[in-house]
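In: missing the sequence, but the structure's below:
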């Protein structure tokens, strides 16, 4: 089996009562996208969709259009976020439609097991939907997962349904949870599960959690000095309080990572990252994203995964995270240039027809200098975490 490419997929492009209540009548992800504003000279915001338009996932034709576009450009499946909070589900309608349509692109699930808060508004302590882990929650969780595992177009590894968990470190007893889910799968006639932990914090080793593998989740782990944008950027808004990072430096850092010897870490890539639509002046922006560098990163990741002998997976973050600036779907500026990089794995890199538009000067602005200081603090924190993880591993009974 060839290396498979899987893109993370956000199902938040339709109205639900909860979002109407929390964020305002008619809210979807497009609401944030259209409200975005530039934070520096040449910053392209808002970024509007291309050929698929401002689609709604209530429209059944959207699924067919997305599936065809993905297939035509070498994407083997979507990893769709599964929002399950102690038995209550959100954004489930597009996911259930996908399950019932076996002509749609193959898919797997990523359990997004974080509580929902008002983090976008800077109010991370205000919980909108709390995640809970009551005793025996695994049985109810599995009950909602099982119909997907049994769908004919659900993605598998060696016959085992693939399940990604976004924040495995938040589960109180992850080994027990992994064992319980595997036992429930076997009792329903499924031999086993292929459990993948997203690398949403440093030091995740799958064996410590009862999992089979981890997957990189860029840009998580890259908000440090080694990825900071050092070249002075022109026209940065005086109100900007976020991070200005370098996409090219980040891509090179991920490409240089060595594959671990003791466990499987599937590779992950991102086409871009700019969460200005959500975070506004406190956003994290990976400046200089371009399809050429993305293509190099993607092909380097495939080469690593090819060594797994038919068990290789490359994850892309993401297919349609428009409010985080991470989308493979065509936009009005760059068209299908990123998708062409996926389709032309063995060919020449396809240059971004637009190119990057930011301008550079000679002197750091105060907001950029603040960004560099924040990145340096992130480096210190990362070193501290690694040291703590190393000590914990040595002293683990």
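Out: Okay, I see it. As the structure is a prediction and not an experimental result, all values here were calculated from the model.
In: OK, contacts around the residue positioned nearest the centre of the chain?
Out: With distances taken as Cα atoms, centre = their mean, the residue of the chain nearest its centroid is residue 317 (3.8 Å). Residue 317 sits next to 7-8, 217-218, 268-270, 326 when contact means Cβ atoms under 8 Å, 6 or more residues apart in numbering. (Glycine included, C-beta is placed from N, CA and C.)
In: Got the phi and psi for it?
Out: Residue 317 adopts backbone torsions of phi -110, psi 90, taken as degrees, to the nearest 10.
In: Give me the local confidence score for residue 345.
Out: Model confidence at residue 345, given as pLDDT, is 50.
In: should've said residue 333
Out: 87.
In: so residue 96 is in which element?
Out: Taking DSSP states H and E as the criterion, residue 96 maps to helix 93-100.
In: From the contact counts, what lies against that helix?
Out: helix 60-72, strand 77-85, helix 137-149 (3 or more Cβ pairs under 8 Å, 6 or more residues apart in numbering; DSSP states H and E).
In: residues of the first one that come out buried?
Out: For helix 60-72, the buried set under the neighbour-count rule, 16 or more other Cβ atoms under 10 Å, comprises 62-63, 66-67, 69-70.
In: Let's have those residues in TSV, adding distance to residue 242.
Out: As requested, the buried residues of helix 60-72 are exported to TSV (distance: Cβ to Cβ, whole Å):
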residue	distance to residue 242
62	32
63	34
66	30
67	35
69	31
70	31
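In: how about those in a markdown table, adding pLDDT and distance to residue 101?
Out: Formatted as a markdown table, those follow (pLDDT from 0 to 100; distance: Cβ to Cβ, whole Å):
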| residue | pLDDT | distance to residue 101 |
| --- | --- | --- |
| 62 | 98 | 11 |
| 63 | 98 | 6 |
| 66 | 98 | 12 |
| 67 | 98 | 9 |
| 69 | 97 | 16 |
| 70 | 98 | 14 |
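In: packing partners for the host helix or strand of residue 244?
Out: Using DSSP H and E, residue 244 falls within strand 243-246. On a contact count with 3+ Cβ pairs under 8 Å, 6+ apart, strand 243-246 meets strand 284-287, helix 366-395.
In: Pull the residues that contact the shortest one.
Out: By Cβ under 8 Å, 6+ apart, the residues outside strand 284-287 that reach it are 39, 43, 219, 223, 227, 229, 233, 242-247, 250, 270, 272-276, 325, 356, 358.
In: For PyMOL, write the selection for the buried entries among the residues you listed.
Out: To isolate the buried subset of the contacts of strand 284-287 in PyMOL, counting by 16+ other Cβ under 10 Å, use the following:
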select buried, resi 39+43+219+223+227+229+233+242+243+244+245+246+247+250+270+272+273+274+275+276+325+358
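In: So which of the contacts of strand 284-287 are in helices?
Out: 247, 250, 276 (DSSP state H).
In: wait, which of these is closest to residue 264?
Out: residue 250 (22.5 Å; Cβ to Cβ).
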